[in-house]
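Undergrad: Here's my sequence, what's the structure:
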Amino acid sequence: MSIPIPQNRQLMKGMQAGATGKKSIAIAVVFAVIVGPLGLFYASVFGGVLMTALGIIVYLLSVTFTSPMILKFGGAAVYLLSIVWTVIAVKNANQGYHFQQHRWEIVFRRWLRILSVVMLLLVVGIFITLVIDSIPSIKALGISYLWGKVWDPVANIYGAYPFLIGTLLTSFMALIISIPFSYAIAIYLGEYNPKGWLSSLLKDTIDLIAAVPSVIYGFWGLSVLVPIIRTFEIKWHIAPYGIGVFTSSLILAIMIIPYGASLGITMIRMTPSPLKEGAYALGATRFEVIRKVIMPYTRSGLFAGILLSLGRALGETMAVTMVIGNTSAVAHTFKDLIFGPSNTMASVIANELLEADHTEYLSALIELGLVLFCVTVVINIIGKRIVSRFTND
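TA: Now for the predicted structure:
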């Protein structure tokens, strides 16, 4: 029984492509044996990038810890792993993954993997760098660094507790202040007035608020907001600092409103029309539709906007530094805790990094950045768990 001509041609092309792929991979095996991970670029772009990145990490670790053994055994492990990866590439070629009709799809998929791995390596690299540079402080201060209440570089005493409290307090106060405004803007522009010149004007204004540099907010807070806060503090018989935690929280609230509002607008506009029309057909008012249909449908997206806003508030530096007061003292009363001057982890690093004149001082500041990094990651993980639970419910 003869094979039809179209199938015969397709079979011949497949055999030729497979043979070409095997020949290419055979050359890649030789390259991998000779030059290690770099030869993998010929066979697998993703494999070559991954092995080269592992080799760079091994080299950096050996330099950091001044250990030739790390370079020796780590390099050998990467070298052997590169050969194993090449063998996997040979197996993929034998299974027909290098046919001409699939080549562009394979290249596209590999580049997506490369970009994903690069982002992962970037975050891991930042964390490793912070940990390595914090080692002198970790060895000298230990875990007591986290709850130490005194920060005195002159006496070589370092405690992160005042800055940890200041960071969390300003961020969560700003979040509480911003949520009503973010939700109100999102509901109005997403449901009540989704189109028209007023809607476009308000949307552009929100985008502009998000684009204003933080130093401008700091100047505005010093010239406008601080005198107003000081006036109220005098009336309330509070020490009239003007600057402090409450002032910085107001500045942060204004800065993070666009993040929650923009995502909220998008989510509300994505609510299916049949759901809303069905509720209207049953006699529901617009308020009831928003409360019983739109809000439950978009709650995961709205909470994700809150999470994005909180992340922005935790990492803000310049505007907070200009209006928070920059003091390391721990507040002893509720009024001083809310209205008194304080400090955040980001503002301490910005103020004192260039003044660090010895290793332990600099390492303590870098460890402060490590604590801020870990706090941000933990809060994001908790937030994502809550979003996942809302979504599943």
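Undergrad: Check the gap between the nearest residue to residue 163 once chain neighbours are set aside and residue 373 for me.
TA: Excluding the flanking residues, the one nearest residue 163 by C-beta to C-beta, 6 or more residues apart in numbering is residue 345, at 4.6 Å. Where you see a C-beta, it was placed from the backbone N, CA and C, and this is true even at glycine. Distance, residue 345 to residue 373, using C-beta to C-beta, to the nearest Å: 10 Å.
Undergrad: go on, residue 239?
TA: Distance check for residue 239 against residue 373: by C-beta to C-beta, it reads 34 Å.
Undergrad: Neighbour count for these two, which is higher?
TA: When residue 239 is set against residue 373 and neighbours are counted by other C-beta atoms under 10 Å, the residue ahead is residue 373, at 17 against 14.
Undergrad: ok, that one - contacts?
TA: Taking C-beta atoms under 8 Å, 6 or more residues apart in numbering as the contact definition, residue 373 lies against 126-127, 130.
Undergrad: ditto for residue 225
TA: Contacts here follow C-beta under 8 Å, 6+ apart; on that basis residue 225 touches 247, 250-251, 323.
Undergrad: Tell me the pLDDT of it.
TA: Reported pLDDT at residue 225 in the predicted model: 92.
Undergrad: Also residue 19?
TA: Among the per-residue scores, residue 19 holds a pLDDT of 47.
Undergrad: Let's see if you can find the most crowded of the contacts of residue 225.
TA: Each of the contacts of residue 225 was scored for neighbours by other C-beta under 10 Å, and residue 323 scores highest at 29 neighbours.
Undergrad: what about the nearest residue to it once chain neighbours are set aside, which SS state?
TA: Closest residue to residue 323 apart from its sequence neighbours, by C-beta to C-beta, 6+ apart: residue 221 at 4.4 Å. Following DSSP: H, G, I helix; E, B strand; the rest coil, the label given to residue 221 is helix.
Undergrad: quick one: contacts for residue 221?
TA: By C-beta under 8 Å, 6+ apart, the contact set of residue 221 is 247-248, 250-251, 319, 322-323.
Undergrad: Next: residue 328.
TA: With contact set as C-beta under 8 Å, 6+ apart, residue 328 has these partners: 150-152, 162-163, 343, 348.
Undergrad: now do residue 271
TA: Here residue 271 is in contact with 293-294, 297-298 (criterion: C-beta under 8 Å, 6+ apart).
Undergrad: Looking at these, which are in helices?
TA: Secondary structure from DSSP state H places 297-298 of the contacts of residue 271 in helices.
Undergrad: Which of the contacts of residue 271 sits closest to residue 369?
TA: Using C-beta to C-beta, the shortest approach to residue 369 within these belongs to residue 298, at 35.0 Å.
Undergrad: which non-adjacent residue is nearest that closest one?
TA: residue 267 (4.1 Å).
Undergrad: Just confirm residue 242 contacts residue 232, I think it does.
TA: No. Assessed by C-beta atoms under 8 Å, residue 242 is found out of contact with residue 232, at 9.7 Å.
Undergrad: With neighbour numbers in mind, choose between those two.
TA: residue 242 (23 against 13).
Undergrad: any idea how far residue 323 is from residue 224?
TA: Distance, residue 224 to residue 323, by C-beta to C-beta: 11 Å.
Undergrad: go on, residue 181?
TA: For residue 181, the distance to residue 323 (C-beta to C-beta) stands at 19 Å.
Undergrad: what do you get for residue 182?
TA: Relative to residue 323, residue 182 is positioned 21 Å away (criterion: C-beta to C-beta).
Undergrad: now residue 201
TA: 29 Å.
Undergrad: quick one: residue 277 from residue 284, how far?
TA: In this structure, residue 277 and residue 284 are separated by 10 Å, where distance is defined by C-beta to C-beta.
Undergrad: Residue 216 too?
TA: The span separating residue 216 from residue 284 equals 44 Å under the rule C-beta to C-beta.
Undergrad: and the longest helix anywhere in the chain, what does it pack onto?
TA: Secondary structure assigned by DSSP H gives helix 100-141 as the longest helix of the chain. Contact partners of helix 100-141 among helices and strands, from 3 or more C-beta pairs under 8 Å, 6 or more residues apart in numbering; DSSP states H and E: helix 45-64, helix 359-392.
Undergrad: most tightly surrounded among the ones you listed?
TA: Across the helices and strands packed on helix 100-141, averaging neighbours per residue (mean count of other C-beta atoms under 10 Å) puts helix 45-64 on top, at a mean of 18.
Undergrad: after the host helix or strand of the residue nearest to residue 298, next one along is what?
TA: When secondary structure is defined using DSSP states H and E, the element that contains residue 267 is helix 245-269. Per DSSP H and E, helix 245-269 leads on to helix 273-281 as the next helix or strand towards the C-terminus.
Undergrad: quick check: mean pLDDT across that next one?
TA: Helix 273-281 comes out at a mean pLDDT of 88.
Undergrad: shift numbering so it begins at 31
TA: Sure, I'll start counting at 31 from here, so that last one is helix 303-311.
Undergrad: Buried ones in that helix, by neighbour count?
TA: 306, 309 (16 or more other C-beta atoms under 10 Å).
Undergrad: name the helices or strands packed onto the very next helix or strand once past it?
TA: Scanning the chain past helix 303-311 towards its C-terminal end, the next helix or strand to appear is helix 316-319 (assignment: DSSP H and E). Packing partners of helix 316-319 (3+ C-beta pairs under 8 Å, 6+ apart): helix 303-311.
Undergrad: Give me the residues contacting the helix it packs on.
TA: Around helix 303-311, the neighbours that count as contacts under C-beta under 8 Å, 6+ apart are 318-319, 322-324, 327.
Undergrad: try 7 Å this time
TA: By C-beta atoms under 7 Å, 6 or more residues apart in numbering, the surrounding residues in contact with helix 303-311 are 319, 322-323, 327.
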